[in-house]
Each structure stands twice: as C-alpha cells, then as structure tokens.
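Trainee: Sequence first, then the predicted structure, then my questions.
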Amino acid sequence: MGLMDNVKAKLGPAKGKVSDLAQRHEGKIHHGLDKAAQAVDKRTKGKYSDRIQSGTGRAKGAMVRFTHHGDTAPDTGGTATPGADGTTTPPRTGRRTAPPRDAGGTPPPEAPPTS
C-alpha cells in the first residue's frame, strides 16, 4: 500500500463530515464567495473582473459537486454554472494540457512546415 493510499484511507471519513457541513451551510459559503469576489474586484478597481467572476463560478461549481456528490438527483447534463454577478459560464468540455517539456522545462522545438 502506497503513501497516497494511506492518506486517502485516513481522510475518507473526514471528507464525508466536511461534505455534510458544507451542504448544511452551502448558502453561507456561496454568500462568502460573492463577498470575497466583490472585495477583490473593488481592490483591483475592476481590472480583473472577468477572471474574478470565472474563479468565483468555478469555486461555486466545485462546491456544488463536493456537497452533492452522493445525491440521486438527475444529472443536469452539463448546464452552465452561475457566476458572481448572476451570469453563467458554459461548462468545460475537456481538459487543457500543457505541451510536453523536456527535463530542463523547455518545450520541444517546433517542427519546420512541410510543403
């Protein structure tokens, strides 16, 4: 049994407890995310509003997935996630991956175009 298996085994019961607490206080958590987003947006004078809204929407989406992971409710089919200002962000369709890099951390050279 590896280290990660041991960690997962020890944290398994805690995840259920945290999920239950988060589910009971979901409204307060969403409100706190909105307040934090507004505070950061105000401090940055709106310069990063789109990123703040995106991050808030993703945090809320993760929160919903975490708190409702065991529910038997029907799947929404990838519906949009509401953002901090009420607008929706479309669901992500795939996972973005970084280009491969060598051991030194530099990407491989581009191949010359073929004609």
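Mentor: Structure received. Residues are numbered from 1 along each chain as shown.

Trainee: which regions of the chain lie under the pLDDT threshold?
Mentor: 1, 69-113, 115 (pLDDT under 70).

Trainee: Spell out the residue ranges of the strands in it.
Mentor: Remark: strands assigned in the chain by DSSP state E are 81-82, 88-89.

Trainee: Next, count neighbours for His68.
Mentor: 14 (other Cβ atoms under 10 Å). Yep, even glycine has a C-beta here, placed from its N, CA and C like the rest.

Trainee: now it, nearest residue through space, not along the chain?
Mentor: The shortest distance from His68 to any non-neighbouring residue, by Cβ to Cβ, 6 or more residues apart in numbering, is to Gln23 (7.3 Å).

Trainee: Now do the buried residues in the longest helix belonging to the chain.
Mentor: As assigned by DSSP state H, the longest helix anywhere in the chain is helix 3-24. Going by neighbour count (16 or more other Cβ atoms under 10 Å), the buried part of helix 3-24 is Ala22, Gln23.

Trainee: who's in contact with the residue nearest to Gly55 when sequence neighbours are not counted?
Mentor: Nearest residue to Gly55, sequence neighbours excluded (Cβ to Cβ, 6+ apart): Ala37, at 7.6 Å. By Cβ atoms under 8 Å, 6 or more residues apart in numbering, the contact list for Ala37 reads Ile52, Gln53, Gly55, Thr56, Ala84.

Trainee: Need the max-distance pair from those residues.
Mentor: Gly55 and Ala84 (8.7 Å; Cβ to Cβ).

Trainee: which one of the two has more residues nearby?
Mentor: More neighbours surround Ala84 than the other of Gly55 and Ala84, with 23 against 17 (other Cβ under 10 Å).

Trainee: returning to what we had before: wait, the residue nearest to His68 sits on Met63?
Mentor: No - between Gln23 and Met63 there is no contact under Cβ atoms under 8 Å: 9.5 Å.

Trainee: doesn't Thr56 make contact with Asp34?
Mentor: Yes - under the criterion of Cβ under 8 Å, Asp34 makes contact with Thr56 at 7.0 Å.

Trainee: Compare those two and say which one has the larger neighbour count.
Mentor: For Asp34 versus Thr56, neighbours defined as other Cβ under 10 Å are more numerous around Thr56 (24 against 16).
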